[in-house]
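In: no letters, just coordinates:
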């Protein structure tokens, strides 16, 4: 609003200039103050004031104590000429600053150390107020860390800079576009369907010029820079297989569940409080300041997978049983290298063995909701025309599928898919279990780690080594990590 008077208050500009002038006049001349005189004074003050564009430097990070130029990493004092009207929640110079709890949270929630770098890139991208043509998708069932990741970003960004309008409202309401203009982060929780709104998401991520009505105000126009984050319990149908959609969507899988029962990773009841504390947010800010210049130049959020590979994996998450049957099962009689049938030498494919292999397939491809066992048998009958039958093996009754064979192990399918896209990075890292054997350092070097502070890479490496050394997931704890000799 060009008619609004703004007042500089040491660090940021506030839109209360008119009230400040009135209060100053009333305090100075007391009962001699009158409305017509006040309005005339305000008219003259407006005429003497410059018309400026506020918050026009997209790479300035207004911290609680300093201003950070994310293009260069320079940390300096506030200046009136910055024309900043808001502040993010963290201070840069906090004596208690510690990024390790945030890194620990990411390392325990994500399956690959390179995914941690992607998550840190996503956090950094929120504060570069330019459209990066990215749509973030977080996939995983409840209790897996997605929500804490979102709250950590929101805590640093502040609620005023976050949009929470639903996709349907953003698309159908005439006030929808205004809700994301001027926002840095757009959290879309428990998304189940985006087919009708995918074009809107693509336009927002690209920063296309938009017009919108506002409640109780004039119509506004602007280019959004907001980063959309889709929180999905299960894979969703985008209704768009175009390259434009594939290259924009950056997917992070959250395959682990945190609880206090066997088979899950130990739940920290104070995790959200910890990673949103001033000390941890300050530590996270130091990482952002160090890495942001690289992201400002590249304008591309790092991911260890090509868009095609990510989409191929995503389809397997959507239709896990269909792809498992295509890639791992066959009703053709197996033959050896000479073309002779090898049926007599192969073990029967029992229902238990098939279900175990399907579960392994789902684990490798981070399928959040595998098909129930009863539905597996039904699908196999529909697809192959084969039903399981009873037999006896070693005096034990089992069920097996006559004429159905395991043509390929799930691990081999996963490895082959990884190799198909290995030219994207120097080393793909075929299986999560092989991280220690292959070397966590070698995986991290594929992420152009010179762009990251050395101590951050070293900390991620140590954390993953410790996590891999824990045979019982209930023993994975930050306290034990800090005390562990592995560190």
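Out: On my side now, so go ahead. Nothing here was measured: the structure is a model prediction, and the numbers come from that model.
In: where is the longest helix in this structure?
Out: Scanning the chain for the helix with the most residues, using DSSP state H, yields helix 278-298.
In: what helices and strands are in contact with whichever helix or strand comes after it?
Out: Next along the chain after helix 278-298, taking DSSP states H and E as the criterion, comes helix 307-318. Here helix 307-318 touches helix 243-248, strand 249-253, helix 410-420, going by 3 or more Cβ pairs under 8 Å, 6 or more residues apart in numbering; DSSP states H and E. The C-beta positions use only the backbone N, C-alpha and C, and glycine is treated the same way.
In: nearest spatial neighbour of residue 474, chain-adjacent residues omitted?
Out: Counting by Cβ to Cβ, 6 or more residues apart in numbering, residue 474 lies nearest to residue 266, which is 5.0 Å off, once chain neighbours are set aside.
In: circling back: mean confidence for the longest helix of the chain?
Out: Averaged across helix 278-298, the pLDDT comes to 97.
In: residue 66 reaches residue 78, doesn't it?
Out: Yes. With contact defined as Cβ atoms under 8 Å, residue 66 reaches residue 78; the gap is 7.5 Å.
In: could I get the buried residue list for stretch 298-305?
Out: Neighbour counts over stretch 298-305 (16 or more other Cβ atoms under 10 Å) mark 301, 302, 303, 304, 305 as buried.
In: now swap in stretch 348-355 and tell me
Out: Applying 16+ other Cβ under 10 Å to stretch 348-355 flags 349, 350, 351, 354 as buried.
In: for it, the distance to its chain's centre please.
Out: Chain-centre distance of stretch 348-355: 36 Å, with Cα atoms, centre = their mean, to the nearest Å.
In: what's the answer for stretch 366-380, then?
Out: On Cα atoms, centre = their mean, the centre of stretch 366-380 falls 27 Å from that of its chain.
In: related to what we said a few turns ago, residues touching the residue nearest to residue 474, list them.
Out: With contact taken as Cβ atoms under 8 Å, 6 or more residues apart in numbering, residue 266 is in contact with 258, 260, 473, 474, 475, 476, 477.
In: for it, phi and psi?
Out: Residue 266 adopts backbone torsions of phi -60, psi 130, taken as degrees, to the nearest 10.
In: what do you get for the one 4 residues further on?
Out: According to degrees, to the nearest 10, the main-chain angles of residue 270 amount to phi -110, psi 10.
In: and residue 483, how far from residue 299?
Out: As defined by Cβ to Cβ, to the nearest Å, residue 483 lies at a distance of 41 Å from residue 299.
In: check which helix or strand residue 28 maps to.
Out: For residue 28, the host element (DSSP H and E) is helix 17-29.
In: helices or strands up against that helix?
Out: helix 35-48.
In: buried ones in the longest helix of the chain, by neighbour count?
Out: 279-296.
In: same deal with stretch 375-388?
Out: Applying 16+ other Cβ under 10 Å to stretch 375-388 flags 376, 377, 380, 386, 388 as buried.
In: is it true that the last one touches residue 376?
Out: No. Residue 388 is beyond contact range of residue 376, at 10.0 Å (criterion: Cβ under 8 Å).
In: mind listing the helices for the stretch 151-300 of the chain?
Out: Applying DSSP state H, counting those that start in this stretch to the stretch 151-300 of the chain gives helices spanning 167-172, 198-206, 243-248, 271-275, 278-298.
In: residue 88: which of these is closest?
Out: Evaluated over the helices of the stretch 151-300 of the chain, closeness to residue 88 peaks at helix 278-298, with 7.9 Å, by Cβ to Cβ.
In: give me the contacts around that closest one.
Out: Applying Cβ under 8 Å, 6+ apart, the contact partners of helix 278-298 are 59, 61, 63, 68, 70-73, 75, 88-92, 94, 96-102, 120-121, 123-125, 127-128, 152, 155-156, 274, 301, 451-453, 456.
In: those residues, buried ones only, as a ChimeraX selection?
Out: A single ChimeraX command selects the buried members of the contacts of helix 278-298 (16+ other Cβ under 10 Å):
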select :59,61,63,68,70,71,75,88,89,90,91,92,94,97,98,99,100,101,102,120,121,123,124,125,127,128,152,155,156,274,301,451,452,456
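In: so which of the contacts of helix 278-298 sit within strands?
Out: Here DSSP state E is the test, and the contacts of helix 278-298 give 61, 68, 75 as lying in strands.
In: and which of those is nearest to residue 222?
Out: Nearest to residue 222 among the ones in strands among the contacts of helix 278-298: residue 61, at 20.6 Å, using Cβ to Cβ.
In: from the contacts of helix 278-298, which land in helices?
Out: Under the assignment DSSP H, the contacts of helix 278-298 contribute 100-102, 120-121, 123-125, 152, 155-156, 274, 456 to helices.
In: in this protein, what helix or strand scores lowest on average pLDDT?
Out: Of all helical and strand segments in the chain, the minimum by mean pLDDT, DSSP states H and E falls on helix 435-438, at a mean of 46.
In: picking up where we left off before, adding mean neighbour count, write the helices and strands packed on helix 307-318 out as CSV.
Out: CSV is the format used below for the helices and strands packed on helix 307-318 (neighbours: other Cβ atoms under 10 Å):
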stretch, mean neighbour count
helix 243-248, 16
strand 249-253, 24
helix 410-420, 16
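In: export these to a markdown table and tack on mean pLDDT?
Out: As requested, these are arranged in a markdown table below (pLDDT from 0 to 100):
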| stretch | mean pLDDT |
| --- | --- |
| helix 243-248 | 94 |
| strand 249-253 | 95 |
| helix 410-420 | 86 |
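In: where are the low-confidence patches of the stretch 101-250 of the chain?
Out: Along the stretch 101-250 of the chain, the model assigns pLDDT under 70 to no residue.
In: which parts of it are strands?
Out: 135-139, 162-163, 185-188, 210-214, 217-222, 227-232, 249-253 (DSSP state E, counting those that start in this stretch).
In: for the stretch 351-487 of the chain, give me the ranges with low pLDDT.
Out: Low-confidence segments of the stretch 351-487 of the chain, defined by pLDDT under 70: 420-450, 485-487.
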